[in-house]
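A.B. asks: Below is the sequence, then the predicted model.
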Amino acid sequence: MISTKGRYAIRFMIDLAEQQEGVPVPLEDIALRQEISRKYLETVVNLLVRAKLVKGASGKGGGYRLLRKPSEYTVGEILKITEGTLATVACLDEDADICPREKVCKTLPMWKKYDSMVHDFFYHITIEDLVNGNI
């Protein structure tokens, strides 16, 4: 399941993409438009800043702005930052140890196929697609 952190990060990125390009947008404005607690949104945005998806500027005229074009951000990369993993089962997590049952597991091919579908789905949707309603 995608957490509120992941969903709010996507909404934050869409909101930035809908604003004037290159102009910092105050977090308070985004929080109000998106009806998200400013305090919670700060936590989410900090993840995006650390991952270098957005840049923040403080002071008068400060706020956040995208570092790339909306077409260059995928939902998948945003979810990876906020959720950590979208792996269906622990053995498919990229940091997982090799499962001792891997060679005999009858369900592993199903989980791999499902994970592949989820990955392909989210990594083929951009912020621009969501802004333009192209999904």
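C.D. replies: Now that the structure is in, tell me what you want to look at.

A.B. asks: which SSE is the most centrally placed residue in the chain in?
C.D. replies: Centroid-nearest residue in the chain, with Cα atoms, centre = their mean: Ile78, separated by 1.9 Å. Using DSSP states H and E, Ile78 sits within helix 75-83.

A.B. asks: before we move on, what about Phe122?
C.D. replies: Applying DSSP H and E, one finds Phe122 within helix 108-123.

A.B. asks: The helix or strand following that helix: which residues count as buried?
C.D. replies: The helix or strand immediately downstream of helix 108-123 is helix 127-132, counting by DSSP H and E. Residues 127, 129-131 are the ones in helix 127-132 that count as buried (16 or more other Cβ atoms under 10 Å). Where C-beta positions appear, they are placed from N, C-alpha and C, glycine not excepted.

A.B. asks: same deal with stretch 76-96?
C.D. replies: Here stretch 76-96 shows 76-82, 86-87, 89, 91-92 as buried, counting by 16+ other Cβ under 10 Å.
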